[in-house]
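**Student:** generate coordinates for the sequence data below:
(2 chains)
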Amino acid sequence: MKEISNYEPQIIAFCCMHCAYAAADLAGSSRFAYPSSLKIVAIPCTGRTDMGHILKTFEDGADGVLVAGCLEGRCHFQTGNLYARQRVEHVAELLDQIGLEGERARMINISAGMGAKFAELANEFAKTISALGPTGLKKKPASRELPLPSGKIE
Amino acid sequence: MIVADQKPIEDIRKMLKGKKKVLAIGCGTCVAVCFAGGKREVGVLSSAVRMATELEGEPVQIDETIVQRQCEKEFIEHLGDQLGEYDAVLSLGCGVGVQTLADQFPGTRILPGLNTKFMGGPTEQGVWEERCQGCGNCLLEYTGGICPISRCAKQLMNGPCGGTDEGGRCEVDPDTPCAWFNIWERMDALDIQDQLMEIQPPKDWSTSRDGGRRKIVRKDLQKPKLDEGS
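**Tutor:** Predicted coordinates:
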C-alpha cells in the first residue's frame, strides 16, 4: 500500500443515464458525499462502454474507472449491463497483464433510487484506488491515427 | 472467413522490445468481423501495449491505422510513404496480411500481432468454429454438406471411428460433435443416405498442402499483353 499525502485518486465513472446517473444526482441532492475527484460521464447504457473507452481513460490519466449500470435484469435495453460486466472483467484481466491492478476497473449495478448506495460504493471504490495509488502513467499527447486514403472503416 | 486471435500481450511486448515507434495496422475484412484485428481491437491492443511499455520504463509510441484488406497490395501501398518513420509495423491482419505487408515493404520489420487459427465462421455469438481446411478438392457433395476433413479429428473419409459416444460426441473433446454422426443424421433427413454406400476412390491429397504451395492462375483475368509488332 502506497502512502501518498493529499492524494486524490482521479476516477471516471461511466454512468448509465437510466439509473446510475440519476442515482448520482440523487446522492448529491440528498447530501450524500462522494469524492469530488470522481468525474461522471453519462452514457445511454453501460452496454455502450467499449474496452477501448476504459483503456484510453487510464491512458489519459485516470487512476480508476467505475462503470455503473442498472440492476441486473433491469437494464433499459435488457442485457446492456450484462455485456458491460463481461467487458469490465476482461479489461481487469488485461490491466493485470500490463502491470496495472485489475481492481482499478470495477462494474457496479444500481437503480435510480439508490442515491445513498451510489455514494457508499463510490467512496468504497475511491478508498480502494487511494490504497493502490497513482497508476504511474504520465498523461501524454494522444497517439496518432493515420488517415485512410479514402472512405472510413468502422 | 479467416479466424484469428490476438497474441498474448506478453508475446507482443517481447516482439517490440527495443522499438521506439511502431505502427499498428488493422485489417477491415475477416479479422475485423471475428473481433481480432479491426479498428477497435487495434485501439485496445495499442492502448494496452503503450501502457505496459511505459510502466516497464521503456515506452513505445504506437500509432494506429487500418486498411480495408491487408492481403492485397492495392489496399496497403499508400502506407509506403509513412513507414520510414517507424521502427516496426505490428500487423493485426492474418498471416496473409502480414506477408503481403512484408512483401510490399521489404525494408520494414513487419511483426504479427495475431495468431491465425482457421477458416470458419461464427456458430453462436462469441464462438467461431473451423469449417474448411482448403483441401483443394471439395467433397461436401458426398457428405451432406458437412466436412469430415475439418470437422473430424482423424479426417476420416469412410464413416466414424470407434470413438463416437452414444450421443454422437467425439472422444477427442466431448464438446465436439462427431462429424460422421452428423453426416449420417443429415443424409438420413435428406433421404440420401444410400449415397454413402457408393464407393469413393481414395482422396487425391495433391490438391491439398501435400502438393506444396498452391497457386491459382486465371488467364482470363490477367493483364492482357500486346504482341509487339501487331
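
**Student:** report how many residues lie close to residue B:74.
**Tutor:** 9 (other C-beta atoms under 10 Å in any protein chain shown). From N, CA and C alone the C-beta is placed, and that goes for glycine too.

**Student:** how close does it get to residue B:201?
**Tutor:** Distance, residue B:74 to residue B:201, by C-beta to C-beta, to the nearest Å: 41 Å.

**Student:** how is chain B partitioned into domains?
**Tutor:** Listed domain ranges for chain B are B:2-117, B:133-211 (source: automatic domain parsing).

**Student:** now those in CSV, with mean pLDDT and distance to chain A?
**Tutor:** Output for the domains of chain B, formatted as CSV (pLDDT from 0 to 100; distance: least, C-beta to the nearest C-beta, whole Å):
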stretch, mean pLDDT, distance to chain A
domain B:2-117, 96, 4
domain B:133-211, 93, 20
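
**Student:** just these: most buried one?
**Tutor:** Among these, ranked by average contacts under mean count of other C-beta atoms under 10 Å in any protein chain shown, first place goes to domain B:2-117 (a mean of 20).

**Student:** compute the first-to-last residue distance for that one.
**Tutor:** Start-to-end span of domain B:2-117 (C-alpha to C-alpha, to the nearest Å) is 7 Å.

**Student:** cool, and stretch B:207-218?
**Tutor:** Between the start and the finish of stretch B:207-218 there is a gap of 17 Å, counting by C-alpha to C-alpha.

**Student:** how far is that stretch from where the chain is centred?
**Tutor:** Relative to the centre of its chain, stretch B:207-218 is centred 17 Å away, using C-alpha atoms, centre = their mean, to the nearest Å.

**Student:** with stretch A:124-137 instead?
**Tutor:** Put simply, stretch A:124-137 sits 13 Å off its chain's centre (C-alpha atoms, centre = their mean).

**Student:** any buried residues in that stretch, and which?
**Tutor:** A:125-126, A:128-130, A:132, A:135, A:137 (16 or more other C-beta atoms under 10 Å in any protein chain shown).

**Student:** okay, who's weakest in those residues by pLDDT?
**Tutor:** Within the buried residues of stretch A:124-137, residue A:137 has the lowest pLDDT, namely 89.

**Student:** and it, which of the three is it?
**Tutor:** The three-state label given to residue A:137 by DSSP: H, G, I helix; E, B strand; the rest coil is coil.

**Student:** just the element for the residue lying closest to residue B:172 once chain neighbours are set aside, please.
**Tutor:** Nearest residue to residue B:172 in three dimensions, chain neighbours excluded: residue B:153, at 4.3 Å (C-beta to C-beta, 6 or more residues apart in numbering or on different chains). Remark: residue B:153 resides in no helix or strand, with elements defined by DSSP states H and E.

**Student:** residue contacts, residue B:153?
**Tutor:** Applying C-beta atoms under 8 Å, 6 or more residues apart in numbering or on different chains to residue B:153 gives the contacts B:170, B:172-173, B:176.

**Student:** what segments of the chain are helices?
**Tutor:** Defaulting to chain A. Shown for chain A, the helices assigned by DSSP state H span residues A:20-29, A:51-59, A:80-98, A:115-132.

**Student:** chain B, not that one
**Tutor:** Under the criterion DSSP H, helices of chain B are mapped to B:9-15, B:30-33, B:39-56, B:73-76, B:80-83, B:95-104, B:148-151, B:179-189.

**Student:** tell me how far the longest one lies from the chain's centre.
**Tutor:** So the one you mean is helix B:39-56. Chain-centre distance of helix B:39-56: 23 Å, with C-alpha atoms, centre = their mean.

**Student:** tell me which other helices or strands it touches.
**Tutor:** helix A:51-59, helix A:80-98, helix B:9-15, strand B:21-27, helix B:30-33, strand B:61-67, strand B:88-92 (3 or more C-beta pairs under 8 Å, 6 or more residues apart in numbering or on different chains; DSSP states H and E).

**Student:** what does the fifth one contact?
**Tutor:** By C-beta under 8 Å, 6+ apart, the surrounding residues in contact with helix B:30-33 are A:153, B:1-4, B:26, B:37-39, B:41, B:66, B:92-94, B:97, B:114.

**Student:** doesn't residue A:129 make contact with residue A:7?
**Tutor:** No - between residue A:7 and residue A:129 there is no contact under C-beta atoms under 8 Å: 9.6 Å.

**Student:** about what we covered before: need the domains of chain B in CSV (columns: distance to residue A:35).
**Tutor:** Listed next are those as CSV, based on distance: least, C-beta to C-beta, whole Å:
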stretch, distance to residue A:35
domain B:2-117, 23
domain B:133-211, 46
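
**Student:** need the phi and psi values for the residue nearest to residue B:172.
**Tutor:** Phi and psi for residue B:153, reported as degrees, to the nearest 10, are phi -60, psi -30.

**Student:** how much space is there between it and residue B:130?
**Tutor:** 11 Å.

**Student:** thinking again about what came up before, tell me which of the helices of chain A sits most buried.
**Tutor:** Comparing the helices of chain A by mean count of other C-beta under 10 Å gives helix A:51-59 as most buried, with a mean of 22.

**Student:** export it as CSV, just CAs?
**Tutor:** This file holds the C-alpha atoms of helix A:51-59, laid out as CSV (Å, rounded to 0.1, in the frame of the first residue of the first chain):
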residue,chain,number,x,y,z
MET,A,51,-13.0,-1.8,-23.8
GLY,A,52,-11.2,0.9,-25.7
HIS,A,53,-13.0,3.7,-23.8
ILE,A,54,-11.9,2.2,-20.5
LEU,A,55,-8.2,1.7,-21.5
LYS,A,56,-7.9,5.2,-23.1
THR,A,57,-9.4,6.6,-19.9
PHE,A,58,-6.5,5.1,-18.0
GLU,A,59,-4.0,6.3,-20.7
